[in-house]
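*Asks:* Provided below are the primary sequence and the corresponding predicted coordinates.
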Amino acid sequence: MPQLLNKAPSMLGVCYYPEHWPESWWAEDARRMRALGLAYVRIAEFAWSRIEPEPDVFDWGWLDRAVATLGAAGLKVVMCTPTATPPKWLVDAHPEILPVDPATGRTRGFGSRRHTDFSSPAWFEAAMRISTAVAARYGDNAHVVGWQTDNELCCHDTALSASPAARDGFRAWLRGQYADIGALNAAWGNVFWSMEYRDFDAIELPVGAVTETSPAHRMAWRRYASDAVVRFHAEMVAIIRAHSPGRWVTHNFIPMPETGVDNHALAAPLDFASYDNYPLGRADLALAGAPADDFRPWMRTGHPDMQGLLFDQTRGLTGRPFWVMEQQPGPVNWARHNPRPAPGMVRLWSWEAFAHGAAVVSYFRWRQVPFAQEQMHAGLLRPDSSEAEAWPEIAQLAGELAALEQAGQDLAEPGRAPVAMIVDIESQWLSDIERQGAGYDYNGVVAQWYGAVRGLGLDVDFVAAGADLAGYALVLAPALAMPGPDVVARLRDTPALVLIGPRSGAKTRDVTIPEGLAPGPLRALLPMRVLAVETLRADCPGEIRRDCDAFESRAWRESIDAGDCTVLATYEDGTPAMVRNGRVHYLATLTDDAFLAALLTDLCAEAGMTVTPVTGGLRLRRRGDLTFAINYGDEPVLAPAPDGAVFVLGGRTVGARDLAVWC
């Protein structure tokens, strides 16, 4: 068997808030945590006002005792920097730390969380000061095994702020990027609509204008804001490492598309990434526009591809096993509708995380709080400390993990998948900035391509644009809007088959049409040109024809000159819709699931990969020598296990909302 990643009794955790409960409860809580099979406890990410109730007046006693109580019970503490919730006294002393809503121009106030501006020098200083204080206090504490920075950076659309500090920081950033105002004017095309600037200090943020602002201006602002968040986070990680050497550092990301920043850059200084997994809340938001018949099967389970996609994206941030720092155990409070999980789903979500490379799954939260904003958010205990519905599922999971360990079935380090999918934050930004058509959404395209691969029973690694592609048989790039030379070189050098989607090479770095037309620098791999783009209503698709079969061509369609490429598919009028040059393919339109399934099946056959098509709620994932069959459906299904497979969990019939694992 592969090298052991993590012993089973050390694979479960919980989020705990000792400041919310009488101190007389702490020891019993800790005892019950250990009895349930939990090993890790995350604390203090929202506790700034209790740690520092007055400026420069610290109260460490309660937190010292909480750490000691948890440690005495044999629990391992994950300490957090409390910068997601600065106290009122800091806002009163420095109101300039409050962010300004770009959409309304209104200053966001105190009374919830994330009420800070990453561009504010006063906020940066205050955040690093409290981080230093906490790291110095607990950096060498024997019970603290690791650290979480902040909490869900950039959630609630907080990457961008339209404050004076953001404007001034943006101006300075632009000076560093362009040096000369004439160079900026030329690069952005500011001669259009008489937008030329005489000096960097004349540049405002691209908000509040009568109609749309320059796409180059908005792209530059996104890059600046991302850099500000990355700088903030990197300094915090450096502080922790200086005071707590030898301990790991992570951050609990929200879904990758929602941060609005370069998550690969944000994760660069971490030992591993973590993710907060709320399948039902996310499904309610993501499928809000779906017909009831399409939504109802997944209302209490989440969509069978959604969690896998987000787990794989999280693992891809560092290429190492990740944590689920917050796992939904019951109804949440923040979605449009908040159903309870179907029986068995909390256990199944946890196993699915392990299948996709998780090292630890930690539940949010220990006890449902009876007050404040999240009182309707379930915990492992109800407010009266009775066991909630998820409790027996976690107890069962803990027993299964222990049994696997005793049987010598270790969860190995996740290996490289056969398929790489390139994710590109600048393509996401362009999708937001220059919509062109309401049907084009970069994140939706990524999800569709991912679902097509998973429907063939294949595993996927998410990689950043420009990452090493060695070892992959198939590389998918749903969109590469502004690929740099490093990206082109990686695609040129990989021996894998490559499929590139529409809107790739569409813009220069300054959001202009490239010289020689799209796909810009990708023409070194694909000697073709994009002549024109049209976007279609969802109810007015065209056709794409391949091998005598017709499929939908929808939403985004490019008219292309195939040049020296081989035409593989055409539109309804006979013009090229998909071309190939050597190993590299270009699909010039968005299309339907059936086309993607057929195309990817053929590409996998050419690449020598065996596919195992799955339907309904069944999905497969491999980890080391183990294969996981995960059934989101409400009916039993047969596991596509080979003859002679040895089942280490479950059997050949996979029950509803259950799994089987074999080697």
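*Replies:* Everything's here; your move.
*Asks:* quick check: domain ranges of the chain?
*Replies:* Here the domain parsing of the chain from automatic domain parsing is 8-157+248-406, 419-607, 618-662.
*Asks:* tell me which of the ones you listed lies nearest to Tyr197.
*Replies:* Nearest to Tyr197, of all the domains of the chain, is domain 419-607, at 14.4 Å by C-beta to C-beta. C-betas here are computed from N, CA, C, even on glycine.
*Asks:* if we can go back for a sec, in a markdown table: the domains of the chain, plus distance to Ala238 and mean neighbour count.
*Replies:* Converted to a markdown table, the domains of the chain look like this (distance: least, C-beta to C-beta, whole Å; neighbours: other C-beta atoms under 10 Å):
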| stretch | distance to Ala238 | mean neighbour count |
| --- | --- | --- |
| domain 8-157+248-406 | 7 | 19 |
| domain 419-607 | 22 | 19 |
| domain 618-662 | 33 | 18 |
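*Asks:* residue at max distance from the center of the protein?
*Replies:* The C-alpha centroid of the chain is most remote from Arg198, which lies 40.1 Å away (C-alpha atoms, centre = their mean).
*Asks:* excluding chain neighbours, what is closest to that one?
*Replies:* Ile181 (6.8 Å; C-beta to C-beta, 6 or more residues apart in numbering).
*Asks:* count the residues that sit near the one you found.
*Replies:* 19 (other C-beta atoms under 10 Å).
*Asks:* tell me who's in contact with it.
*Replies:* Neighbouring residues of Ile181 by C-beta atoms under 8 Å, 6 or more residues apart in numbering: Tyr197, Arg198, Asp199, Phe200.
*Asks:* from these, which is closest to Ala532?
*Replies:* For those, the nearest to Ala532 is Tyr197 (31.8 Å; C-beta to C-beta).
*Asks:* what bridges to Phe628?
*Replies:* Arg621, Val661 (DSSP bridges).
*Asks:* now do the helices in the stretch 151-300 of the chain.
*Replies:* Taking DSSP state H, counting those that start in this stretch as the test, the helices found in the stretch 151-300 of the chain are 164-178, 181-188, 215-243, 256-259, 263-267, 279-286, 292-295.
*Asks:* same check, this time on the stretch 401-550 of the chain
*Replies:* Going by DSSP H, counting those that start in this stretch, the stretch 401-550 of the chain shows helices at 425-433, 442-454, 485-493.
*Asks:* in JSON lines, list these along with mean pLDDT and distance to Ala122.
*Replies:* Shown next, in JSON lines, are the helices of the stretch 401-550 of the chain (pLDDT from 0 to 100; distance: least, C-beta to C-beta, whole Å):
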{"stretch": "helix 425-433", "mean pLDDT": "97", "distance to Ala122": "28"}
{"stretch": "helix 442-454", "mean pLDDT": "97", "distance to Ala122": "34"}
{"stretch": "helix 485-493", "mean pLDDT": "98", "distance to Ala122": "37"}
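*Asks:* nearest to Glu558 among the ones you listed would be which one?
*Replies:* Per C-beta to C-beta, nearest to Glu558 of those: helix 442-454, 13.7 Å.
*Asks:* contacts for that closest one, please.
*Replies:* By C-beta under 8 Å, 6+ apart, helix 442-454 touches 257, 305-306, 308-309, 312, 419, 421, 423, 427-428, 430-431, 460, 476, 478-479, 501, 590, 593, 596-597, 600, 614, 619-620.
*Asks:* one more pass at 6 Å, please.
*Replies:* 257, 305, 309, 419, 427-428, 431, 460, 476, 478-479, 596-597, 600, 619 (C-beta atoms under 6 Å, 6 or more residues apart in numbering).
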